[in-house]
Every structure is written in C-alpha cells, then in structure tokens.
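Novice: What follows is a predicted structure for the sequence shown.
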Amino acid sequence: MAWIVLVLAGIFEIVWAYSMKLSDGFSKLTPSLITIFFMVLSFGLLAYAMRTLPLGTAYTIWTGIGAVGSFLVGIFILGEPATAMRMLAAVLIVSGLVLMKLSSS
C-alpha cells in the first residue's frame, strides 16, 4: 500500500509542478490554487508512505517520479526540446529509481 501511495504522491508532484508553470510566478489565481492543493496532497501522501518506507528510498522515488514526469510533460505538452543529453539524463534517473526500489526491503 505504501508504494501505491508513494506513486500517487509522485504523480501529484508532476501536477503541481506543471500547474506552477502555468501560474506564471503565482500571478494567475486558478493555477496557483491548483499548485498549492496538489503540493499539500503530494507532501501528505509522501509523509504517509514514509511511515513504512525508508526515508532515502521514499524521497528518492518521489523526486524521481516528479523529475521524470515533469520532464515528459515539458516535452509532450510544453514543447520543450528532447535532446540526446536530456534523454540520457532521464534514463539515468529512471535507472536510479529502479535500483533504489530493488535495494529496499
């Protein structure tokens, strides 16, 4: 159950990161409110998952999901460049996430 909660927390991190971009520096009300709502939800779920999962594992997985997910949102929704170096960086992040998951008991 903690892993499911952690993945949801990571997905909600992607949502708040994207809505923060849309808020234009918190100058637009609706995206700003969405950002704050999903930040609180994401942090709350992360805290819940950390009741069971080790800190290093939970935090690394959470930030990794957020980083790679936000990277993909940037490419597919915001039209950011998908250079070879950026793609390699994403692959390395995902590799680290897999290794972190495999190393946790």
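Specialist: Yep, it's here. Numbers count the residues shown, from 1 in each chain.

Novice: Which residue ranges of this structure form helices?
Specialist: 2-22, 29-49, 55-76, 84-103 (DSSP state H).

Novice: ok, residues contacting the third one?
Specialist: Think helix 55-76. Under the contact criterion C-beta atoms under 8 Å, 6 or more residues apart in numbering, helix 55-76 has outside partners 2, 6-7, 9-11, 13-14, 17-18, 42, 46, 49-50, 80-82, 86, 90, 93-94, 96-97, 100-101, 103-104. Glycine gets a C-beta too; all of them are placed from N, C-alpha and C.

Novice: how about a cut-off of 6 Å?
Specialist: 6, 9-10, 13-14, 17-18, 46, 49-50, 80, 82, 90, 93-94, 97, 100, 104 (C-beta atoms under 6 Å, 6 or more residues apart in numbering).

Novice: And for stretch 28-40?
Specialist: 12, 15-16, 19-20, 22-23, 26.

Novice: Can you flag the buried ones in the contacts of helix 55-76?
Specialist: 6, 9-10, 13-14, 17-18, 46, 49-50, 90, 93, 97, 100 (16 or more other C-beta atoms under 10 Å).

Novice: Tabulate these (a markdown table), appending distance to Thr30 and pLDDT.
Specialist: Supplementary listing: the buried ones among the contacts of helix 55-76 in a markdown table, determined by distance: C-beta to C-beta, whole Å; pLDDT from 0 to 100:
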| residue | distance to Thr30 | pLDDT |
| --- | --- | --- |
| Leu6 | 28 | 97 |
| Ala9 | 23 | 98 |
| Gly10 | 23 | 97 |
| Glu13 | 19 | 98 |
| Ile14 | 18 | 98 |
| Ala17 | 16 | 97 |
| Tyr18 | 13 | 98 |
| Leu46 | 24 | 98 |
| Ala49 | 28 | 97 |
| Met50 | 31 | 97 |
| Ala90 | 29 | 91 |
| Ile93 | 30 | 89 |
| Leu97 | 32 | 85 |
| Met100 | 35 | 82 |
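
Novice: Next, the contact list for the nearest residue to Phe12 once chain neighbours are set aside, please.
Specialist: Distances taken as C-beta to C-beta, 6 or more residues apart in numbering put Ser42 closest to Phe12, at 3.9 Å, once the chain neighbours are dropped. For Ser42, the contact set (C-beta under 6 Å, 6+ apart) comprises 9, 12-13.
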